[in-house]
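Trainee: got a structure for you, letters missing:
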Ligand code: SF4
């Protein structure tokens, strides 16, 4: 057997700050899939706040630091379509026209994957040897969906998990209104967009909302929470890893669960 | 049209509070999207056609001067006239000169965004010439004294009750007790009124969806046939078009037509595709005696060769705004100038100045749906980001944002310090989220917490928890 691939986890700044559970779920899924998992200590953020604010210089410095810290691994995996998209699709633009970095950034970008994409397409995971009982629906976070084409993978993985009941969310491909700093700078518009999203979530029969990007999840969980909804919000990695006993996003109480019979 | 894009925030707040508008926008949210999806799914070759259409326009833009000259030669050879207008003011002057010479009292108009861009109606009225919009949507908003809120459905913000009231208010010569309950009755009334105006008009002005270089033809697509009447009945026909409307051949035009209507309204073809090549010839049964084309630049040539050149491929189908969550929320008027939605967020800064329209490229979640549906593969989010870069370079973004960004970036390239900063942030958020696990008021993100909770963080940051995890792993 060939040696296990060396996979570096790009945790993302939001998971680091808000939801370590997603990081641990990611590590577990990758280890279960047979990877040798590493968490480079020199990581901070992918640089999107600067990139999307038009600050090329700072983006460039951050991108250099990320590439330095991660390029020696076989793969770089992030539990976020948005950050993986930044590393994979936007870093080459950050270094556009720079002969010296061209080769490095191209090689680096080729190693980057979003978590569900990596599990389904590279590690070819088609089953799990445990069951998770949950009644879920999935929102396609925009960057993962449109920059990386992620749509089939999280659904296939969820469907491979025994105990999952999955229903499609109406307008699951419509933006939730997060958009990074947009949600604060244009909060009224952001609120209107997330309100429509929450209407659709409430109209679905699912008891748990999943997605692949923590930013969007914080936004939707925040709105559902303000409205007093009982829908539980989690990152898809938590469910896939069978780690759903911790309190859901925006809550401090453990959810009550019926035992899996 | 006076630029109100700098008031975008206020415009948006007003739009969100306007219940009637919100009802009207629901239509855009569902109908346009469904119709396009159906049309696109029914045509296997759609993606190939998109690629072809994109390639055609790219080729044309690379050789724009050549094709414009060929177009001009052909028009002249067919007895028409071409006028080059560098600015909106020049274009207005050229229209007025022609109208004065005729002399024209009434001008009928087909739908034209260029006419909006150069504020032609206001200008003609100031010069005692009456412009009459003949597209139903345009006619309605003209009665209302408004501007289009959408590039292909100008009155999409208006509902039927409002139209009924407007018609009763303005068409006072008609019996007061007439029944105007059905959309059909409104349509018939408008048609009756417009027929008269068509016959009276001295000059007809239309826009152009394409200018075909090889034949010197201008092409418009409509669903009402009003364009045909506008350009064949009056003695003089003026085509108002911007430079980038030119395509090399009729074959090229038909390729692009196949993606245009599908992207716009979900139709395979618009109902009318009207080609006009020069004035009436001796054995033609109808047509204008004079045929003029006004070619407007107004800032477009300065986009050539820049990161904004791709925007000139735009065929004004409206798909980007039909799929835009921000447009869905606030509608077209909030954008504060002629072109709304994602295409406007890129084009308006080019034409009207980023200093006046700086909000537009910022008010986007970068969800990317516009680019994914754009038949011309225009990378709209990327170009909005380019505008943000220009704003950042020119120090147009708010100083406090810049300071925060710089400070954050300082930490982001110093992992040790960054760890320390996140620990403090984490602690603060943890305290604020209290027993509930959610924050209802956050000092630095009040915009967020006004409408939503901010979910609180878990017990430790990932990096803290991971270090502990590694230590425990080593022990066991
Ligand atoms: S940018 Fe693309 S989608 Fe938007 S109007 Fe132009 S061609 Fe249509």
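Mentor: Great, that's in hand. Note that the coordinates shown come from a computational prediction; the quantities given were computed from them, not determined experimentally.
Trainee: CA atoms for contacts and neighbours, from now on please.
Mentor: Noted.
Trainee: which parts of the stretch 251-400 of chain B sit against the ligand?
Mentor: Counting by Cα under 6 Å from any ligand atom, the stretch 251-400 of chain B comes close to the ligand at B:314, B:315, B:316, B:317, B:318, B:319, B:320, B:343, B:374, B:375, B:376, B:378.
Trainee: Same list, those, but as JSON lines with pLDDT please.
Mentor: Converted to JSON lines, these look like this (pLDDT from 0 to 100):
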{"residue": "B:314", "pLDDT": "98"}
{"residue": "B:315", "pLDDT": "98"}
{"residue": "B:316", "pLDDT": "97"}
{"residue": "B:317", "pLDDT": "97"}
{"residue": "B:318", "pLDDT": "97"}
{"residue": "B:319", "pLDDT": "97"}
{"residue": "B:320", "pLDDT": "98"}
{"residue": "B:343", "pLDDT": "98"}
{"residue": "B:374", "pLDDT": "98"}
{"residue": "B:375", "pLDDT": "98"}
{"residue": "B:376", "pLDDT": "98"}
{"residue": "B:378", "pLDDT": "98"}
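Trainee: so residue A:235 makes contact with residue A:217?
Mentor: Yes - Residue A:235 is within contact range of residue A:217, at 7.2 Å (criterion: Cα atoms under 8 Å).
Trainee: can you list residues touching both of these two?
Mentor: A:210, A:211 (Cα atoms under 8 Å, 6 or more residues apart in numbering or on different chains).
Trainee: Now intersect the residues of the stretch 251-400 of chain B next to the ligand with the helices, please.
Mentor: Among these, the residues falling in helices (DSSP state H) are B:319, B:320, B:343.
Trainee: Which of those sits closest to residue A:19?
Mentor: Using Cα to Cα, residue B:320 is the member of these that sits closest to residue A:19, with 34.5 Å.
Trainee: Run a quick check on the closest one versus residue B:370, I expect a contact.
Mentor: Yes - between residue B:320 and residue B:370 there is a contact under Cα under 8 Å: 4.2 Å.
Trainee: Can you pull the residues that touch both of the two?
Mentor: By Cα under 8 Å, 6+ apart, the residues touching both residue B:320 and residue B:370 are residue B:342.
Trainee: Can you identify the element that follows the host helix or strand of residue B:164 toward the C-terminus?
Mentor: Per DSSP states H and E: residue B:164 is located in helix B:160-170. Beyond helix B:160-170 on the C-terminal side, the first helix or strand identified by DSSP H and E is helix B:183-200.
Trainee: burial of the nearest residue to residue A:74 once chain neighbours are set aside, as a residue count?
Mentor: Sequence neighbours aside, residue A:6 is the residue nearest to residue A:74 in space, at 5.2 Å (criterion: Cα to Cα, 6 or more residues apart in numbering or on different chains). Residues lying near residue A:6 (other Cα atoms under 10 Å in any protein chain shown) number 16.
Trainee: for residue B:133, same thing?
Mentor: The number of residues packed near residue B:133 is 25, by other Cα under 10 Å.
Trainee: beta partners of it?
Mentor: residue B:109 (DSSP bridges).
Trainee: Pretty sure it sits against residue B:112.
Mentor: No - counting by Cα under 8 Å, residue B:133 does not reach residue B:112; the two are 9.6 Å apart.
Trainee: so what's the closest residue to the ligand within the stretch 101-250 of chain A up against?
Mentor: Scanning the stretch 101-250 of chain A for the residue nearest the ligand gives residue A:146, at 15.5 Å (criterion: Cα to the nearest ligand atom). Going by Cα under 8 Å, 6+ apart, residue A:146 touches B:367, B:368, B:369, B:372.
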